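In: With the input below, show me the fold.
(chains A and B)
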Amino acid sequence: MTAVLDAAGLGKRHRRRWALRDCTLRIPEQTIVGLTGPNSSGKSTLLGLAVGLLSPDEGTIAAPPIADIGYVAQDAPLYRSFSVGEMLDFARSTNARWDQGLALELLGSRSLDTKVSALSPGERARLALALALGKRPVLLLLDEPLAALDRLAGREFLQVAMDGIAQTGAAAVIATRVVTDIERVCDRIALLCDGNVKLEGPVEELLAHHRLLTGARRPLGRIRGVEEIIRERHSGRMLTLLVRTNGPIVDPTWSVDEIGLEDLLLAYMAPEELPTPQPPDPWRLRWHG
Amino acid sequence: MQFHLDQRSGLPMYLQIVQQVKEALRLGLLDVGDQLPTVREVVASTAINPNTVAKAYRELERDGLVSGTPGRGTFITDTLVADSLQHHDTLRRDLLAWLEQAQRAGMDEEDILAVVSRTLQDVLGRRVA
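Out: Numbering: from 1, shown residues only, chains lettered A, B, ... in the order given. Next up is the predicted model:
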């Protein structure tokens, strides 16, 4: 499949810190990708580079021209003194290929005379979305679109976004810290940590290729069906492993469970072993009295 | 038709759609010639990705249950109503005749059930062996 966005070895410095380093990511056409990761993991920087608001310090990024990108920045910045209708007129005058009908349809029933400042957060987000999709973009970039919305407004936003995507055939990147918000709409997930892609793939495949194994604590050798141990946790005599699999796990001494997307991503974000509680040291106890 | 999609069911969304269509076909709620909701309709009512709906419909098409025409929609082309269901009427009529015969021969309910279950066991047992 052709890629609409292709980042290779991408790096971007903010002052002395690398916000993005050696980041490689392909967004196939007509695909919805959830871009997730902890705070300041590089999500917004990557979107900024894709739109051309930033230029890379290292590597390359191939993206459509700005006229073909619909970009909704965090908090959907809009001209507050404009009316909804004036925002649409402005968008029409600045975009050669503007679909007024689509924008109006996505906007719903809101009166065009309403001032932007009088809109609720949900309506504002919806307007920003209609403005981005009215361009009939090949790539839609949404930066934390649900952060300021309650659950109902969030759900409505996603419905409108999916409707617009269905009508334009755009690919989309949705950056969010909260993956449960967007899990139901994503074809693929990309996890950014410390400025590079830690995990990427189709949601179903990621879930199919990871399992939780629980069993008695033991020295770990090779386990058939396990490609890599991602995380190891002990509690008493129990051992829980999160593993990437390359076949069925048949060893009956392990109980095998599926893992949800959120837990999987969390495990990749903080894979290091949690400290095992140590038995109290009698020497130290005595020393401290 | 309305789809009810549960994110936490553990079953991929597209499979939930496939299952719900098949279920409706099995129950006779959908029949040959009926139209499935368009991708846009599903997307607008469930807030899922259009690709997911398209994938589900492709899967149903591969199973020979629906056929999609771009711009026109997706239509049911086959039914899953069990074959036996179509024969229920005839079978029931034959059974009724047999039961009347049994009654005329002086058999009561327990006698009849005994004969039926014994015969059923013979038939199913033979099939297993």
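
In: give me every residue that touches residue A:3.
Out: Shown in contact with residue A:3 (Cβ atoms under 8 Å, 6 or more residues apart in numbering or on different chains): A:26-29, A:62. Backbone N, C-alpha and C define where each C-beta goes, glycine included.

In: mind listing the strands for the chain?
Out: Just going to use chain A. Along chain A, the segments classed as strands by DSSP state E run A:3-14, A:17-28, A:32-36, A:58-62, A:69-72, A:139-143, A:171-176, A:188-193, A:196-202, A:210-216, A:226-235, A:238-245, A:255-257.

In: look at chain B instead
Out: Listed in chain order, the strands of chain B (DSSP E) span B:35-36, B:66-69, B:73-76.

In: Is it possible to get the ones you listed out as JSON lines so that each row also shows mean pLDDT and mean neighbour count?
Out: Compiled in JSON lines, those are given as follows (pLDDT from 0 to 100; neighbours: other Cβ atoms under 10 Å in any protein chain shown):
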{"stretch": "strand B:35-36", "mean pLDDT": "95", "mean neighbour count": "18"}
{"stretch": "strand B:66-69", "mean pLDDT": "91", "mean neighbour count": "16"}
{"stretch": "strand B:73-76", "mean pLDDT": "94", "mean neighbour count": "18"}
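
In: so can I have TSV of these showing distance to chain A?
Out: Putting the strands of chain B into TSV (distance: least, Cβ to the nearest Cβ, whole Å) gives the following:
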stretch	distance to chain A
strand B:35-36	15
strand B:66-69	15
strand B:73-76	14
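
In: List just the one of the ones you listed that sits closest to residue A:56.
Out: Proximity to residue A:56 (Cβ to Cβ) singles out strand B:66-69 among these, at 42.2 Å.

In: Can you pull the phi/psi pair for residue B:33?
Out: Note on residue B:33: backbone dihedrals following degrees, to the nearest 10 are phi 100, psi -20.

In: who touches the nearest residue to residue A:78 once chain neighbours are set aside in this structure?
Out: Leaving aside its sequence neighbours, residue A:78 sits nearest to residue A:116 (Cβ to Cβ, 6 or more residues apart in numbering or on different chains; 5.0 Å). Residue A:116 makes contacts with A:78-84, A:87, A:124, A:127, as judged by Cβ under 8 Å, 6+ apart.

In: wait, which of these is closest to residue A:70?
Out: Closest to residue A:70 out of these is residue A:127 (12.9 Å), distances taken as Cβ to Cβ.

In: Could I get the contacting residues of residue A:131?
Out: By Cβ under 8 Å, 6+ apart, the contact set of residue A:131 is A:70, A:78, A:87-88, A:91, A:103.

In: Let's check: the centremost residue of the chain is which one?
Out: The chain I'm using is chain A. Centroid check for chain A by Cα atoms, centre = their mean gives residue A:35 as the closest residue, at 2.1 Å.

In: oops, chain B please
Out: Central residue of chain B (Cα atoms, centre = their mean): residue B:26, 1.6 Å from the mean position.

In: how close does residue A:198 get to residue A:38?
Out: Going from residue A:198 to residue A:38 by Cβ to Cβ, to the nearest Å gives 11 Å.

In: got the residues of the stretch 101-250 of chain A near chain B?
Out: Residues of the stretch 101-250 of chain A lying near chain B by Cβ under 8 Å from any Cβ of the partner chain: A:155, A:158-159, A:162-163, A:165-167, A:183-187, A:204.

In: Out of these, which sit inside helices?
Out: Applying DSSP state H to those, the entries found in helices are A:155, A:158-159, A:162-163, A:165-167, A:204.

In: So among the residues you listed, which ones count as buried?
Out: By neighbour count, with 16 or more other Cβ atoms under 10 Å in any protein chain shown, those hold A:155, A:158-159, A:162-163, A:165-167, A:204 as buried.

In: Throw those residues into JSON lines and include pLDDT, thanks.
Out: Formatted as JSON lines, those follow (pLDDT from 0 to 100):
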{"residue": "A:155", "pLDDT": "92"}
{"residue": "A:158", "pLDDT": "94"}
{"residue": "A:159", "pLDDT": "93"}
{"residue": "A:162", "pLDDT": "95"}
{"residue": "A:163", "pLDDT": "94"}
{"residue": "A:165", "pLDDT": "95"}
{"residue": "A:166", "pLDDT": "93"}
{"residue": "A:167", "pLDDT": "92"}
{"residue": "A:204", "pLDDT": "91"}
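
In: Pull the most distant pair out of the residues you listed.
Out: A:167 and A:204 (24.9 Å).

In: residues in contact with the residue in chain B that chain A sits nearest to?
Out: Of all residues in chain B, residue B:50 sits closest to chain A, at 3.8 Å by Cβ to the nearest Cβ. Listed by Cβ under 8 Å, 6+ apart, the contact set of residue B:50 reads A:162, A:165-166, B:39-40, B:43.

In: which one of those residues is nearest residue B:87?
Out: Nearest member of those to residue B:87, counting by Cβ to Cβ, is residue B:39, at 37.0 Å.

In: Could you verify my assumption that the closest one touches residue B:57?
Out: Yes - counting by Cβ atoms under 8 Å, residue B:39 touches residue B:57, with 7.4 Å between them.

In: Quickly note the distance from residue A:218 to chain B.
Out: Distance of residue A:218 to chain B, computed by Cβ to the nearest Cβ, to the nearest Å: 29 Å.

In: Nearest residue to that residue in space, please, no chain neighbours.
Out: In space, and not counting its chain neighbours, residue A:218 is closest to residue A:239: 6.8 Å by Cβ to Cβ, 6+ apart.

In: so how many other residues sit close to the one you found?
Out: Counted with other Cβ atoms under 10 Å in any protein chain shown, residues neighbouring residue A:239 total 17.
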